[in-house]
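[1] Have a look at this prediction, sequence included:
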Amino acid sequence: MNVPDPNCPLLVRDLTVSYNKRPVLWDVDYAAPAPTPAVAAGGKAGEPSRGNLIAIVGPNGAGKSTLLKAALGLVPVTMGDCLFFGQAIDRVRDRIAYVPQRESVDWDFPVSALDVVAMGGYRALGWLRPVDKATRVRAMSCLDRVRIADLAGRQIGQLSGGQQQRVFIARALMQDAPLYLMDEPFAGVDAATERAILTLLRTLRDRAATVVCVHHDLHTVGNYFDHVLLLNSRVIAAGPVATTLTEANLQIAYGGRLTLLDRAADALAGRGLASGAGEAIR
Amino acid sequence: MSQMELFWTLDFPAAASAVLASVLCAVLGCFLLVRRSAMLGDAISHAILPGIVGSFLLVGTRSTWAMLAGAAVAGVVTSSLVDLLHRRLKLERSAATGAVFCTMFSLGVIMLEQGARNVDLDADCVLYGLLEGINWPALGKAAGGGAGAASGVAEVLAGAPRQLVTLAVALVVTVLVLASLYKVMLLASFDAALADALGFRSRVIDMVFAALVAVAAVASFEAVGSILVVAMLVCPAATAAQCSDRFGVRIWLAMVFAVVAAVGGYVLAVHLPRLWGSGDSVLASGMIATLSGLMLCAAVGVRVVMMKLRRAGMREAGVQHEGVGGAGG
């Protein structure tokens, strides 16, 4: 095998993961596109290169979250491996920021929003050094970037779902990493939060960062993301959204489920019920 | 023996042991509570038995330090086994905890029966402790100033009761470890996945914590008994949790509550029976555990009342607000 490309933010090779002896991920091969240098993208030399927003899309139980966790070494891997920037995870941990699903933690935990964001800076502090002033100042500025600096002192259980998600993303910003792995950052958030997160992700991309998101909403994939990895235990397709998210590919990934929903939607639209329902809400 | 000498010989070392044990358990309890594994304290305080017996079989005498080491090993084994059952066999965490600690405890009983029949381990003593059995004659004599008083501080300290010394050492070690690992302990308790992703192995942190709980349980049980250990691992931390949603504040509050329960419980145990004319005192460790439980009940009660008041206040404000809005419209 040739030498792995150090520019490739995430390279998955023959990855197989199983739970209870049933494969969740089967022989997954994927190479995330490397950031494009400014010149190649039509900009001037010296400008920062442009990263990519990548969506991992697939039906429930397709192994989307598992792919992120396996890549990070959080779940045991049956076969295969993952390289970040051409290296094993343990050598590049400070270049990867991970945002787990919001439900994965206990929000009654007695810490403030600022405390949680500061956790993103722990790696720089090491095992023994306590949280210092500089870390707290940086945490405050990260909270400001997600527009909830005024909630810094609030116990995290007192925040809304959208605010909690912003706290998680601010925590990832603390690491100032070139690669972000986010597990459903748009799940269950309000419209304002969704816009704020999207704006932030685009800013990150424009500063050469690569953002990989597990995403559940097929309708927004095209607007939000540049690249897509269509997953259903195996890789169904991967590449730029426009050429990858085709009906044929979706058909393979989602099987009969999607057609059934589509047919129901078509039937409703045909009878004018869908638009009628929309107006009733207004 | 003068009243003064009696106090410093008997009451002071006993009460001090109770205080140290209570504070030690209360601090660890704060972490147990936020990790949602309060049962682990109960489990480890039982599962250390094979560690204690094993260390006795290895060393041959009942050495405190060997016992502490054996218990720490047993604590780590317990936590690892629970984790293994949970991860590999998909057994629910509390079920795994129950299965492991019963097995470990039974193993300890068998080892005790078969190999160490002559070891001096009394079941009653394990449960209730022997707080009243702790005494410090050298201190009493020094305070009383009677004949045969120890001449120097060093001599008095050398006569300190073994249980008190063990507890003091355990407390210092625990506080040092927790203080230096405070932030990663908190991180691993809140979000183990992030801890792992950042390169702080949460399994290692779990093991260190289990070892600390095991050491605390052994250091305490001889003095105050395992029932008080379990009570103190839960009650002060739970009481503090009713009062604050800041972890740092909770730890300080839990320590204060632990001291109040220990001193108050000890004093009550000595003086309460006199109220109805009984000359005997009641069991101090039982009284301390009861008091800490009552404190928890009181804190929960106060919190419920306060929430009701606040809700009533909000409703009143809401009515006023509506009234203003109505007038405006």
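    Nice, thanks for sending it over.
[2] Show me the helices in the stretch 101-250 of chain B, by range?
    B:123-128, B:137-144, B:153-158, B:162-180, B:182-190, B:192-197, B:202-243, B:247-275 (DSSP state H, counting those that start in this stretch).
[3] oh, I was asking about the stretch 51-200 of chain A
    Going by DSSP H, counting those that start in this stretch, the stretch 51-200 of chain A shows helices at A:64-71, A:113-119, A:122-125, A:133-145, A:161-173, A:191-206.
[4] Next, the angle from the last one to helix A:161-173.
    Computed with axes from the mean of the first three to the mean of the last three C-alpha atoms, to 10 degrees, the direction of helix A:191-206 lies at 20 degrees from that of helix A:161-173.
[5] ok now the helix or strand following helix A:191-206, how far from the chain's centre?
    Downstream of helix A:191-206, the next assigned helix or strand under DSSP states H and E is strand A:210-214. Its chain's C-alpha centre and that of strand A:210-214 lie 4 Å apart, by C-alpha atoms, centre = their mean, to the nearest Å.
[6] Identify the residues contacting strand A:210-214?
    Contacts of strand A:210-214 with the rest of the structure, by C-beta atoms under 8 Å, 6 or more residues apart in numbering or on different chains, involve A:9-10, A:32-33, A:35, A:51-56, A:64-65, A:67-68, A:178-186, A:201, A:204-205, A:225. Using the backbone N, CA and C atoms, a C-beta is placed for each residue, glycine as well.
[7] rewinding a little: any chance of the helices of the stretch 51-200 of chain A in TSV, plus mean pLDDT, distance to B:Met295 and mean neighbour count?
    TSV is the format used below for these (pLDDT from 0 to 100; distance: least, C-beta to C-beta, whole Å; neighbours: other C-beta atoms under 10 Å in any protein chain shown):
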stretch	mean pLDDT	distance to B:Met295	mean neighbour count
helix A:64-71	94	42	24
helix A:113-119	96	27	25
helix A:122-125	92	34	18
helix A:133-145	96	34	17
helix A:161-173	95	33	24
helix A:191-206	94	41	16
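[8] Show me what from the stretch 151-282 of chain A comes close to chain B.
    Residues of the stretch 151-282 of chain A that fall close to chain B, judged by C-beta under 8 Å from any C-beta of the partner chain: A:Gln155, A:Gly157, A:Arg171.
[9] follow-up on the earlier one: of all the helices of the stretch 101-250 of chain B, which one comes closest to B:Ser63?
    Nearest to B:Ser63, of all those, is helix B:162-180, at 10.4 Å by C-beta to C-beta.
[10] Export only the CA atoms of stretch B:13-29, formatted as CSV.
    Extracted C-alpha coordinates of stretch B:13-29, given in CSV (Å, rounded to 0.1, in the frame of the first residue of the first chain):
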residue,chain,number,x,y,z
PRO,B,13,-9.9,10.1,69.4
ALA,B,14,-13.3,8.4,68.8
ALA,B,15,-15.0,11.6,67.6
ALA,B,16,-12.0,12.6,65.5
SER,B,17,-12.0,9.2,63.8
ALA,B,18,-15.7,9.6,63.1
VAL,B,19,-15.1,13.0,61.6
LEU,B,20,-12.2,11.9,59.4
ALA,B,21,-14.1,8.8,58.2
SER,B,22,-17.2,10.9,57.5
VAL,B,23,-15.3,13.6,55.6
LEU,B,24,-13.3,11.1,53.6
CYS,B,25,-16.5,9.3,52.5
ALA,B,26,-18.4,12.5,51.9
VAL,B,27,-15.8,13.8,49.4
LEU,B,28,-15.8,10.6,47.5
GLY,B,29,-19.6,10.5,47.7
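[11] My read is that B:Met287 contacts B:Ala269, right?
    Yes. Here B:Met287 reaches B:Ala269: they are 3.9 Å apart, a contact under C-beta atoms under 8 Å.
[12] residues near the residue of the stretch 1-150 of chain B found nearest chain A, how many?
    Residue nearest to chain A within the stretch 1-150 of chain B: B:Val34 (5.9 Å; C-beta to the nearest C-beta). Other residues lying near B:Val34 total 22 when counted by other C-beta atoms under 10 Å in any protein chain shown.
[13] What is the neighbour count of the residue nearest to it when sequence neighbours are not counted?
    Spatial nearest neighbour of B:Val34, chain neighbours left out: B:Ser189 (5.4 Å); criterion: C-beta to C-beta, 6 or more residues apart in numbering or on different chains. Neighbour count for B:Ser189, taken as other C-beta under 10 Å: 25.
[14] any low-confidence regions in the stretch 101-250 of chain B?
    Low-confidence segments of the stretch 101-250 of chain B, defined by pLDDT under 70: B:116-126, B:146-151.
[15] residue contacts, the residue lying closest to B:Phe200 once chain neighbours are set aside?
    Of all residues not flanking B:Phe200 in the chain, B:Val184 sits nearest, at 4.9 Å (C-beta to C-beta, 6+ apart). Contact analysis of B:Val184 by C-beta under 8 Å, 6+ apart lists A:Tyr122, A:Trp127, B:Ala195, B:Phe200, B:Ile205.
[16] which one among those residues gets closest to B:Phe7?
    Using C-beta to C-beta, B:Ile205 is the member of those that lies nearest B:Phe7, at 42.7 Å.
[17] Looking at the helix or strand hosting B:Leu24 now, give me its mean pLDDT.
    Element membership of B:Leu24 [criterion: DSSP H and E] is helix B:12-34. Mean pLDDT, computed over helix B:12-34, is 95.
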